[in-house]
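A.B. asks: fold the following for me, if possible:
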Amino acid sequence: MPAPAEDLLFDVLQEARSFYHGLEIEEIVILVCVAEATMRPLVIGENDSLLRSEFPADDVRGWISRRLIAERTGLPRETVRRKVRRLVDRALLVVDEEGHVRSIQMLSNSGLAQNLENVRRFVGRYLKRVS
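C.D. replies: Here you go, the predicted structure:
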């Protein structure tokens, strides 16, 4: 029987692959890294209305550099550069004129909401198994 952490990892990866059809695992890892950096100011900020905003302005959203994506994920910088370009071409990421990488705004996407609810359920199941 797989360990609880392994189950959680594979459940989350499978859920992400079902939502982001045709993406490679490295691309999903990059998307998660960029989404975390993009959402961090909204999540840790004191303005709760930003989290309920369908399209928060870019000046309140976070960003990440390709170099930091490579550091956080352990992927080679050239791989990150190439995969970010592919994700931009697929309209899943945006890169501004200063090279800041952000996730696209999908807070109103019902498919993503269901995806995140499934992940929340997986985490709950994991927490029950380890407690």
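A.B. asks: identify the spatial nearest neighbour of the residue sitting nearest the centre point of the chain, chain neighbours not counted.
C.D. replies: Among the residues of the chain, the one closest to the centroid is residue 32, at 2.4 Å (CA atoms, centre = their mean). Of all residues not flanking residue 32 in the chain, residue 16 sits nearest, at 7.5 Å (CB to CB, 6 or more residues apart in numbering). No exception for glycine: its C-beta is placed from N, CA and C like everyone else's.
A.B. asks: show me what contacts the one you found?
C.D. replies: 23, 28, 31, 32, 115 (CB atoms under 8 Å, 6 or more residues apart in numbering).
A.B. asks: pLDDT weak spots in the chain?
C.D. replies: 1, 45-57, 106-109 (pLDDT under 70).
A.B. asks: tell me where it has strands.
C.D. replies: 93-95, 101-103 (DSSP state E).
A.B. asks: which other helices and strands contact the last one?
C.D. replies: Using 3 or more CB pairs under 8 Å, 6 or more residues apart in numbering; DSSP states H and E as the contact definition, the elements that strand 101-103 packs against are helix 25-44, strand 93-95.
A.B. asks: as JSON lines, the ones you listed with distance to residue 124 would be great.
C.D. replies: Shown next, in JSON lines, are those (distance: least, CB to CB, whole Å):
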{"stretch": "helix 25-44", "distance to residue 124": "19"}
{"stretch": "strand 93-95", "distance to residue 124": "29"}
